[in-house]
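Student: turn this into a model:
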Amino acid sequence: MSPHDHIEKLHAAVATSIVGQRDVIDNLMIGLLAGGNLLLEGLPGLAKTRAVKALASNIEADYSRIQFTPDLLPSDVTGTVVYRADAGDDAFRFERGPLFANLVLVDEINRAPAKVQAALLEAMEEHQVTVSGETHALPELFMVLATQNPIEQEGTYPLPEAQMDRFLMHVLVPYPEASDEIKILRLVRGEESAGGAPKPEPLAQEVVFAARREIREKVKVAEGVEQYMVDLVLATREGRGGDELAKLIDVGASPRGTLALDKCSRARAWLEGRDYVTPDDVRAVAHPVLRHRLLLSYEANAGGLSANDVVDKLLETVAIPG
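Tutor: Below is the predicted model:
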């Protein structure tokens with residue numbers, strides 16, 4: 001089987017555990033192929049944690065879950081240096097924390113204080129952690145998948161803009177449709193009665209790396225589509241998108257947003273079976289890539305506009321290449 005066939009099989013396996021969240025599953029696949037970190041935001045009970053666990057259980061990879069709480073310490077995440085006196089070999093040794101896994105689920109990321117959130121920054125960007133002046137590399141396959149609850153504000157710490165920008169995509173998890181909720185009921189009831197059905201063989205990490213190589217080497221982006229990505233990001237900055245957008249955006253996306261559009265567009269094109277990116281690929285990933293990189297103005301907030309609404313206006317304003 002080709003890497004594309006294997007990834008399609010992975011997509012189908014995850015979809016059997018998650019009903020009514022096709023966009024969430026698609027974005028999980030794009031994030032995995034693009035090698036980025038994802039922030040999943042949604043109300044309690046919408047299968048955010050279940051989606052991440054379904055992905056992890058179908059990949060041959062180490063998985064860890066960190067429940068963020070207000071009393072968490074940075075060393076609880078990264079690990080710490082301890083003194084070991086066993087087998088006559090007295091020495092200080094670094095004991096790895098749960099961050100040293102391939103897929104790391106950070107539950108309720110906004111519940112931990114700033115120092116703990118800051119401990120993630122180096123790991124998310126550099127794929128390494130530094131403890132007591134010593135740097136430790138993280139696994140080659142490394143991905144932070146964080147969840148966030150938008151309604152509970154008591155005891156939470158809003159993520160700083162610098163950390164939000166480290167996430168490749170900000171994925172919103174909506175309520176399922178009524179017909180899907182019936183399927184969810186039957187799915188969970190069937191799982192309980194089956195007592196745990198046998199799972200398919202997990203996907204080897206090398207397949208993920210092979211898929212990433214194909215995307216880097218084979219998926220091409222025409223000059224016009226490249227310019228479209230740049231125009232979208234430039235339109236979020238300093239009034240370059242016209243007076244209407246200028247009134248709605250205080251701070252636009254950084255060049256990291258342009259790079260994220262490129263990575264996610266190429267991953268989506270590859271998933272669709274193409275070796276070239278179209279403007280539709282760019283538009284399909286624009287919301288999860290850009291929504292968390294925009295700081296809205298007072299006027300936008302007063303008018304009840306969300307970042308999604310502003311990205312809608314952005315896509316309407318910027319011309320699609322011919």
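Student: who are the contact partners of F92?
Tutor: Going by CB atoms under 8 Å, 6 or more residues apart in numbering, F92 touches 81-84. (Glycine included, C-beta is placed from N, CA and C.)
Student: what about it, which SS state?
Tutor: Three-state secondary structure (criterion: DSSP: H, G, I helix; E, B strand; the rest coil) places F92 in strand.
Student: that one bridge partners, please.
Tutor: Y83 (DSSP bridges).
Student: so which bits of stretch 110-121 are buried?
Tutor: Buried residues in stretch 110-121, counting neighbours by 16 or more other CB atoms under 10 Å, are found at 110-112, 116-117, 119-120.
Student: right, I mislabeled it, should have said stretch 40-51
Tutor: Of the residues in stretch 40-51, 40-42, 46-49, 51 count as buried by neighbour count, 16+ other CB under 10 Å.
Student: against D309, how distant is P202?
Tutor: Using CB to CB, to the nearest Å, we find P202 at a distance of 40 Å from D309.
Student: repeat that for V188.
Tutor: Applying CB to CB to V188 and D309 gives a distance of 34 Å.
Student: looking at those two, which one has more neighbours?
Tutor: Set side by side, V188 and D309 give different neighbour counts by other CB atoms under 10 Å, the larger being at D309 (15 against 12).
Student: the stretch 51-200 of the chain: strands as residue ranges?
Tutor: When secondary structure is read from DSSP state E, counting those that start in this stretch, the stretch 51-200 of the chain shows strands at 63-67, 79-86, 89-96, 103-107, 128-131, 134-137, 143-148, 167-173.
Student: can you put these in CSV and add mean pLDDT and distance to R283?
Tutor: Formatted as CSV, the strands of the stretch 51-200 of the chain follow (pLDDT from 0 to 100; distance: least, CB to CB, whole Å):
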stretch, mean pLDDT, distance to R283
strand 63-67, 93, 33
strand 79-86, 79, 42
strand 89-96, 80, 41
strand 103-107, 93, 28
strand 128-131, 86, 35
strand 134-137, 88, 37
strand 143-148, 92, 24
strand 167-173, 94, 14
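Student: what's the closest of those strands to E316?
Tutor: strand 167-173 (19.7 Å; CB to CB).
Student: what helices or strands is the closest one leaning on?
Tutor: Strand 167-173 sits against helix 22-34, strand 37-42, helix 255-271, helix 279-290, with contacts defined as 3 or more CB pairs under 8 Å, 6 or more residues apart in numbering; DSSP states H and E.
Student: returning to what we had before: quick check, nearest of the contacts of F92 to A286?
Tutor: Nearest to A286 among these, counting by CB to CB, is V81 at 43.8 Å.
Student: OK, contacts around the closest one?
Tutor: 92-95, 131-132.
Student: ok, now A118?
Tutor: Residues in contact with A118 (CB under 8 Å, 6+ apart) are 74, 163.
Student: and the pLDDT at it?
Tutor: A118 is assigned 81 on the pLDDT scale.
Student: if I look at it, how far off is E95?
Tutor: Here the distance between A118 and E95 works out to 21 Å (CB to CB).
Student: likewise V116?
Tutor: As defined by CB to CB, V116 lies at a distance of 17 Å from E95.
Student: again, but for L168
Tutor: 29 Å.
Student: now do D26
Tutor: D26 is 38 Å from E95, where distance means CB to CB.
Student: give me the buried positions along the strand or helix carrying N301.
Tutor: Per DSSP states H and E, N301 falls inside helix 298-302. Buried residues in helix 298-302, counting neighbours by 16+ other CB under 10 Å, are found at A300.
Student: who has more neighbours, L168 and E95?
Tutor: Set side by side, L168 and E95 show more neighbours around L168, with 28 against 12, by other CB under 10 Å.
Student: assess the claim that the more buried one and H292 are in contact.
Tutor: No. In this structure L168 lies outside contact range of H292 using CB atoms under 8 Å: 9.9 Å.
Student: ok so, going back, TSV for the buried residues of stretch 40-51, including pLDDT?
Tutor: Supplementary listing: the buried residues of stretch 40-51 in TSV, determined by pLDDT from 0 to 100:
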residue	pLDDT
L40	93
E41	91
G42	87
L46	86
A47	86
K48	88
T49	88
A51	90
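Student: ok, back up a step: out of the contacts of F92, who's the most crowded?
Tutor: For the contacts of F92, the largest number of neighbours (other CB under 10 Å) sits with V81, at 14 neighbours.
Student: alright, I will stop here.
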